[in-house]
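*Asks:* quick one, what's the 3D model for this:
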Amino acid sequence: MPKEKPFKCDMRAFYKSQTEDIAMFSFVYGVQKFLPAIQTKTLIESFKECFDLTEDDYPSECAIVNYQTMKAKFLKKDKTD
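*Replies:* Got it, this is the predicted structure:
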């Protein structure tokens, strides 16, 4: 039987999130992992630009809150950057 891999996050909770939120979280977290000087808000705006999302499609303030919530929930880290 295969050994269960030890993940740092709760994968079940992760997959229950909205697709847009998962994509945004992955985009922002991945870039900040290697370029920590780039602010979350800037990366969210870049994410929206890459995927042609308007403020009506994906409000920036909601995205920031969602990112912070997901980071705290999945990675057990502070809600602030």
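
*Asks:* regarding the residue most central in space within the chain, what is its secondary structure?
*Replies:* Note on the chain: the residue nearest the mean C-alpha position is F25, at 1.4 Å, using CA atoms, centre = their mean. Secondary structure for F25, judged by DSSP: H, G, I helix; E, B strand; the rest coil, is helix.

*Asks:* surely it touches T69?
*Replies:* No - in this structure F25 lies outside contact range of T69 using CB atoms under 8 Å: 9.5 Å. For the C-beta atoms, the positions are set from N, CA and C on the backbone; glycine is no exception.

*Asks:* average pLDDT for stretch 34-51?
*Replies:* Here stretch 34-51 scores 95 as its mean pLDDT.

*Asks:* just to revisit the earlier point, contacts only, for the residue nearest to the centre of the chain.
*Replies:* Residues near F25 by CB atoms under 8 Å, 6 or more residues apart in numbering: 17, 66-67, 70-71, 74.

*Asks:* K71 in helix, strand or coil?
*Replies:* Note that with three-state DSSP, the state of K71 is helix.

*Asks:* hmm, S26 and it touching each other?
*Replies:* No - K71 is beyond contact range of S26, at 11.4 Å (criterion: CB under 8 Å).

*Asks:* the more surrounded of those two?
*Replies:* K71 (21 against 13; other CB atoms under 10 Å).
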